[in-house]
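> can you look at this prediction? I've put the sequence above it.
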2 protein chains.
Amino acid sequence: MRGNRTLKDVERGIAGFYRDRRRMPTYSEAMVLLGVRSKSVVHFWVRKLLAAGVLEKDARGFLHPSRRAFGLPMVGDVAAGFPSPAEEELRDVISFDEYLITKPGTSFLLRVSGDSMIDEGIHPGDLVVIEKGREPKSGDIVIAEVDGEWTLKFFRRKGKDVFLEAANVKYPPIRARLELRVGGVVSAVIRKYPG
Amino acid sequence: MRGNRTLKDVERGIAGFYRDRRRMPTYSEAMVLLGVRSKSVVHFWVRKLLAAGVLEKDARGFLHPSRRAFGLPMVGDVAAGFPSPAEEELRDVISFDEYLITKPGTSFLLRVSGDSMIDEGIHPGDLVVIEKGREPKSGDIVIAEVDGEWTLKFFRRKGKDVFLEAANVKYPPIRARLELRVGGVVSAVIRKYPG
DNA sequence: TGACAAATAGAACGATCGTTCTATAATCGT
DNA sequence: ACGATTATAGAACGATCGTTCTATTTGTCA
């Protein structure tokens, strides 16, 4: 049982462990993970992963996955097409959690129902990230209570006039009779296509 | 320097450390983090975090953040409105990295330019997750090379007929002259609104 | 104000960590 | 075929980990 172990294999093993357990394996655990019986073998491969930039050591000497070990490479724009493996390495890596969760603790997720924001590209079934307790600016998309129902709308302010506007010609603008209950501001939209 | 330390404070400190360094702090490090001078104080708070479900111990006795420590709570749908703190605790928590990255290693990110998929709710500036090397099914959104340029289109197959279709009346369907170069299949769309 | 609980300090300790060393086995190039 | 290189094994070791214990200080409430 030898030789047939590539850097990618080891990386996948370690990365999988980290994904599942949210911590690095110890050398003893990595022995099992790699199917070897000596810590020095683990040490051997860890040094390779360090050199490859998959793992890093911090000031205290502790091992942790590097920034680019997780997340997806950001490779440019659609016009540029899809990347060659070479240039793929060079681009930045984005973790969605870092990218989308700017205010942990005050944000939450809703699944969109209804088509009131369809012209803004927010479809039924999409997920929206809501930041609660943020003061909406004119033009922000908010979740608001209208006629006892919660819905997504543009928040508009023109001088003293405050109203809600759908991104769908079917729905007329809405002015608050008494007060406008705004639950939060949409900070992101996520749509996942079934794989 | 005493007494004024809440569970939330400690949680934020530990969580912040984990976010930055991608590993748990040691007890010694947590002492500095919490501003205390004894490991037993750390132990004291760690037990509280364990009880609160913020941290967990695995079979080996190692500490790691729980699933619900990161990510955002999924609180239902828009019609249900925004949640009370109470029910917020009960719902599932979603990590975007887990949710969106189903095929690490074969996926990458592109920023959308152009409006060819605008009626599908994919706008210029949005991010799309591309799975490369996946065989597109009819109806999938793909990145494809058309007239030497890369663009997003629906992939359509009707019997023997294979063609690309925009989600925008401005663009007519496209049939491949020679071959259809498909770079990958869109598995998700992400749009972030400036905060 | 006094008693009790909550929070912090500090020291001691076994367990286990990651490193390093030497030695052996498989693979490759010529 | 054979030396050089790469990969694995196994043992030894100091460092540091997290736990536990006892003691002290601060806050709360009757």
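Ah, there it is. Residues are numbered from 1 along each chain as shown, chains lettered A, B, ... in the order given.
> drop to CA atoms for contacts and neighbour counts, all remaining ones
OK.
> sheet partners, orientation included, of the biggest strand by length in chain A?
The longest strand of chain A (DSSP state E) is strand A:181-192. Here strand A:181-192 is paired, per DSSP bridges, with strand A:127-131 (antiparallel), strand A:141-146 (antiparallel), strand B:181-192 (antiparallel).
> contacts only, for residue A:17.
Residues counted as contacts of residue A:17 (C-alpha atoms under 8 Å, 6 or more residues apart in numbering or on different chains) are A:23, A:24, A:25.
> for the second one, which non-adjacent residue is spatially closest?
The spatially closest residue to residue A:24, leaving aside those adjacent along the chain, is residue A:18, at 5.4 Å (C-alpha to C-alpha, 6 or more residues apart in numbering or on different chains).
> the one you found: what secondary structure?
Of the three states, residue A:18 takes helix according to DSSP: H, G, I helix; E, B strand; the rest coil.
> now do the one 5 residues further on
The three-state label given to residue A:23 by three-state DSSP is coil.
> and it, how far is that from chain B?
Taking C-alpha to the nearest C-alpha, to the nearest Å as the criterion, residue A:23 is separated from chain B by 6 Å.
> from residue B:119, how far out is that residue?
Here residue A:23 is placed at a distance of 42 Å from residue B:119 (C-alpha to C-alpha, to the nearest Å).
> what about the residue of chain A found nearest DNA strand D, how many neighbours?
Across chain A, no residue is closer to DNA strand D than residue A:36, which sits at 3.3 Å (C-alpha to the nearest atom of the strand). For residue A:36, the count of nearby residues is 15 (other C-alpha atoms under 10 Å in any protein chain shown).
> kindly report the same for residue A:173.
Summarising burial for residue A:173: neighbours were counted as other C-alpha under 10 Å, giving 15.
> ok, residue A:59 next?
7.
> cool, residue A:99 as well?
Residue A:99: 11 surrounding residues under other C-alpha under 10 Å.
> domain assignment for chain A?
Domains of chain A are assigned by automatic domain parsing as A:1-69, A:71-100, A:107-190.
> mean pLDDT added to those domains, as a markdown table?
Rendered in a markdown table, the data for the domains of chain A read as follows (pLDDT from 0 to 100):
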| stretch | mean pLDDT |
| --- | --- |
| domain A:1-69 | 86 |
| domain A:71-100 | 74 |
| domain A:107-190 | 91 |
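> can you tell which of those domains is closest to residue B:150?
Set against residue B:150 and scored by C-alpha to C-alpha, these come closest in domain A:71-100, at 4.9 Å.
> buried sites along that closest one?
Across domain A:71-100, burial judged by 16 or more other C-alpha atoms under 10 Å in any protein chain shown covers A:71-79, A:81-83, A:88, A:93-97, A:100.
> in chain A, what residue lies closest to chain B?
Minimum separation of chain A from chain B (C-alpha to the nearest C-alpha) falls at residue A:121, amounting to 3.6 Å.
> is it true that residue A:181 touches residue A:147?
No: between residue A:181 and residue A:147 there is no contact, the gap being 10.3 Å when judged by C-alpha atoms under 8 Å.
> which one's more surrounded, the two?
Using other C-alpha under 10 Å as the criterion, residue A:181 and residue A:147 rank with residue A:181 on top: 14 against 10.
> residue closest to the middle of chain A?
With distances taken as C-alpha atoms, centre = their mean, the residue of chain A nearest its centroid is residue A:96 (2.1 Å).
> quick one, what contacts residue A:68?
With contact set as C-alpha under 8 Å, 6+ apart, residue A:68 has these partners: A:53, A:54, A:92, A:93, A:94.
> can you do 7 Å?
A:54, A:93 (C-alpha atoms under 7 Å, 6 or more residues apart in numbering or on different chains).
> could you check how far residue A:32 is from residue A:55?
When distance is defined by C-alpha to C-alpha, residue A:32 is 19 Å away from residue A:55.
> one more: residue A:119?
Where residue A:55 is concerned, residue A:119 sits at a distance of 44 Å (C-alpha to C-alpha).
> more neighbours: the two, which one.
Remark: of residue A:119 and residue A:55, residue A:55 carries more neighbours, 22 against 16, as counted by other C-alpha under 10 Å.
> now the more buried one. Nearest residue, chain neighbours left out?
In space, and not counting its chain neighbours, residue A:55 is closest to residue A:65: 4.4 Å by C-alpha to C-alpha, 6+ apart.
> count of neighbours near the one you found?
23.
> so it sits against residue A:52, correct?
No: counting by C-alpha atoms under 7 Å, residue A:65 stays clear of residue A:52, with 11.4 Å between them.
> nice, that's everything, thank you.
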